[in-house]
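# Kindly generate the corresponding structure for this input.
(2 chains, ligands or ions: 2)
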Amino acid sequence: MAEVRLVGLRKSFGRTEVIHGIDLRVEDGEFVVFVGPSGCGKSTLLRLISGLEEATSGEIWIGGREVSQVPPAKRGVSMVFQSYALYPHMNVYRNIAFGLSLAGASRADLDARVRAVAEKLQIAELLERRPRELSGGQRQRVAIARAIVREPQVFLFDEPLSNLDAGLRADTRVEIARMHDELRATMIYVTHDQVEAMTLADRMVLLNDGRVEQVGPPAELYRQPRNLFVAGFLGSPRMNLLEVQSGEGGLLLPGGGSIAHSGELPRGQLTLGLRSEDLHPTSGEGVLRGEVTLVEELGETRLVHLRIGDGQSVIFRHRELPGPRPGDRIALDADPERALLFDGNGERL
Amino acid sequence: MAAAAHDSLTRARVRTAWLFLAPMLFVLAIVALWPLARTLLLSLTDASLGAAGTARFVGFENYLVKDDGAWYGLLADPLWWLALRNTLTFAFVSVAAEVVLGTLIALILNARFRFRGLMRAAVLVPWAIPTVVSAKMWAWMLHDQFGIVNDLLLRLGLIGAPLAWLADADLALWSVIAVDVWKTTPFVALLVLAALQMLPEDCYEAARVDGIHPAKVFFFVTLPLIRPALIVAVIFRFLDAMRVFDLVYVMTGNADATLTLSVHARQMLVDFQDAGSGSAASVLLFVVIALLSVLCLLAMRGEVLGRRQ
Ligand SMILES: Nc1ncnc2c1ncn2[C@@H]1O[C@H](COP(=O)(O)OP(=O)(O)O)[C@@H](O)[C@H]1O
Ligand SMILES: [Mg+2]
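Ligands and ions are numbered 1, 2, ... in the order given. Sure thing, here's the model as predicted:
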């Protein structure tokens, strides 16, 4: 078991820098998820930690050892690839056992280890099969088994669930979480799927264009995003962002409503962020008023699109029955506690 | 009723298939089947190029006949057996060397380095030169008095006196094999390179992270995965090498040391004007290759051809 520390880590491909100086500390036994839009450098960062890519500058510490010049095999990491990277011509048993060296261990020992891991991942009956005779979920388990059997200090996962269908993805997610509880190993997990990130992570690292935007527990990133990028990336539907004017004693909303605000605020135009679940229909005046343009039925709730004038619109989550219909006029109250304010540079106030 | 309709549909399809195949079967019949049949017939006669029209049917006398307690015919001729041995030696050694060297070169060309594209093109040059041209070129380079090979080796002090690469009975076959290897390795290298480029890159990254020794990766991952391509290369090259003619004939003529089955057949037919025995030699070559092909196919069954999906 080991902690992982990145110090001023940079990576360029040719003349293009794709990782712009990353500092990060992953605690021993922690489950950290790198999340961010496609192309932001998640895989590259993971490959730098594994040693598959060489850093242009900066330091990588694993378990108190600086490893940026150490070959991948000696870093004590195991990696699970998005494509599973199973050897197509070997059966499951050989796939799992291939990475184990005989050094110091007896053949019977290795055999016992392979079978124990296969048992744990419920693939013991599949040991004789080739990868092409397995389903996606089974291949995924074999890939994880191969990573576990080496008993690494750190597990690295690169979008391991993205080739699975939705149901299987949810199941496997739960299993990975359980596996982490059981092994207590340090895990670094890359995904572009925020649901996966939020559900699995002890802490999330939100990356954007080769930089860290924010690091913290999922709830913190969701409730207290540091800037507009984080606010907009997390949450579905996306956070409602409204142009508001700050003035004496409060904020002036589009359509004439206002929200009281205690504390100092810069004067002028600000951006107000309200999540869909923090807006509630009211029979009173409300702070936002508008006309329903679209209702998206989700089953237990529905998303209602409301045009509030000035060409702006908001989406709120409606729970009660019956739901509104397009054309209805609705007033909304906002939870002032939950409202987020961003300045002209997109930083949260 | 439905079955009947299905049957007639199948029959119509089969008819269409034969229709499409007919032109090719016709062409094959006149360019392959007819000459083959003629050769087979000629081999059963005492036809001679000098005296056309006087051929007499002699049965299997050209192949093997017992007369006055002694055996005659090709199969009793030590020269034919020598040619068979030379041909097999040539085929086995050259194909083995070409596959090993070709794989090595393919591995190098598959690595990332500068000027890789240029190197890939350069490797193909020996393959692109017409065989007769490269045979003549090498015959000059291997010339015992004026050849550059002897000159170089002498200057480097590796040999004390010039060697007769093509005239010396102990060296000639090996010289011819070396030139064939030089000429044909690129073909194997290209086949293997194509296979290497299809390999799953992520498996190699997984092996790197797992710390598997490169030699182990080569023997347990790369080699099994390029096996089908290697087998195709071996079959192609082997059947080709069994028929070798131009290279040998240009470099060493009819010399016993390098006499192959094809050269031997030509000698019978053209030099000795013996159409009967020459045809018999050709038929025997055909039989040998056919036998080896069947053996190859049996050994590789399920491996390349009927590979189950
Ligand atoms: N081997 C490479 N050569 C050049 N550019 C690369 C290479 N690998 C990744 N990149 C670039 O680096 C950036 C980050 O890529 P990647 O880490 O794969 O993103 P992510 O995994 O977050 O989708 C992308 O712009 C990509 O084009
Ligand atoms: Mg990626």
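
# Could you list the low-pLDDT ranges of chain A?
Residues of chain A meeting the criterion pLDDT under 70: A:1, A:102-104, A:262.

# Please enumerate the helices of it.
Taking DSSP state H as the test, the helices found in chain A are A:42-50, A:92-97, A:107-120, A:136-149, A:166-183, A:194-200, A:218-223, A:228-233.

# Of those helices, which is nearest ligand 1?
With Cβ to the nearest ligand atom, the closest approach to ligand 1 among the helices of chain A belongs to helix A:42-50: 3.1 Å. The C-beta positions use only the backbone N, C-alpha and C, and glycine is treated the same way.

# contacting residues around the closest residue to A:Thr282 other than its chain neighbours?
Spatial nearest neighbour of A:Thr282, excluding adjacent residues (Cβ to Cβ, 6 or more residues apart in numbering or on different chains): A:Asp333 at 4.4 Å. For A:Asp333, the contact set (Cβ atoms under 8 Å, 6 or more residues apart in numbering or on different chains) comprises A:Leu279, A:His280, A:Pro281, A:Thr282, A:Gly284, A:Gly286, A:Val287.

# Can you add mean neighbour count and distance to ligand 1 and give the helices of chain A back as a markdown table?
Shown next, in a markdown table, are those (neighbours: other Cβ atoms under 10 Å in any protein chain shown; distance: least, Cβ to the nearest ligand atom, whole Å):
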| stretch | mean neighbour count | distance to ligand 1 |
| --- | --- | --- |
| helix A:42-50 | 22 | 3 |
| helix A:92-97 | 23 | 25 |
| helix A:107-120 | 15 | 28 |
| helix A:136-149 | 23 | 18 |
| helix A:166-183 | 15 | 18 |
| helix A:194-200 | 19 | 13 |
| helix A:218-223 | 17 | 17 |
| helix A:228-233 | 20 | 13 |
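
# about what we covered before: neighbour-wise, give me the winner out of the contacts of A:Asp333.
In terms of neighbour count, A:Leu279 stands highest of those at 25 neighbours, by other Cβ atoms under 10 Å in any protein chain shown.

# picking that back up, same list (the contacts of A:Asp333) but as CSV, adding distance to A:Gly8.
Below are the contacts of A:Asp333 laid out as CSV (distance: Cβ to Cβ, whole Å):
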residue, distance to A:Gly8
A:Leu279, 42
A:His280, 46
A:Pro281, 50
A:Thr282, 51
A:Gly284, 54
A:Gly286, 50
A:Val287, 45
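
# got a markdown table for the helices of chain A, with distance to A:Gln245 too?
Listed next are the helices of chain A as a markdown table, based on distance: least, Cβ to Cβ, whole Å:
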| stretch | distance to A:Gln245 |
| --- | --- |
| helix A:42-50 | 38 |
| helix A:92-97 | 62 |
| helix A:107-120 | 59 |
| helix A:136-149 | 52 |
| helix A:166-183 | 43 |
| helix A:194-200 | 31 |
| helix A:218-223 | 25 |
| helix A:228-233 | 18 |
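
# give me the residue from chain B nearest chain A.
Closest to chain A within chain B is B:Gly211: 2.4 Å, counting by Cβ to the nearest Cβ.

# And the contacts of A:Asp333, which is closest to ligand 1?
Closest approach between the contacts of A:Asp333 and ligand 1, by Cβ to the nearest ligand atom: A:Leu279, at 32.3 Å.

# Pull up the gap between the closest residue to that closest one other than its chain neighbours and A:Arg302, please.
Sequence neighbours aside, A:Phe316 is the residue nearest to A:Leu279 in space, at 3.7 Å (criterion: Cβ to Cβ, 6+ apart). Here the criterion is Cβ to Cβ, to the nearest Å. By it, A:Phe316 lies 10 Å from A:Arg302.

# more neighbours, the two?
A:Phe316 (24 against 17).

# Check whether A:Val114 really touches A:Phe98, as I assumed.
No: counting by Cβ atoms under 8 Å, A:Val114 stays clear of A:Phe98, with 10.0 Å between them.

# what about the residue in the stretch 1-150 of chain A that chain B sits nearest to, neighbour count?
Using Cβ to the nearest Cβ, the closest approach of the stretch 1-150 of chain A to chain B is made by A:Ala73 at 2.4 Å. Residues lying near A:Ala73 (other Cβ under 10 Å) number 18.

# Please name the nearest non-neighbouring residue to it.
B:Gly211 (2.4 Å).

# ok now do that neighbour, which residues does it touch?
A:Pro71, A:Pro72, A:Ala73, A:Lys74, A:Gly99, A:Ser101.

# Is there a quick ChimeraX command that grabs whichever of these are buried?
Remark: buried members of these, expressed as a ChimeraX selection using 16 or more other Cβ atoms under 10 Å in any protein chain shown:
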select /A:72,73,99
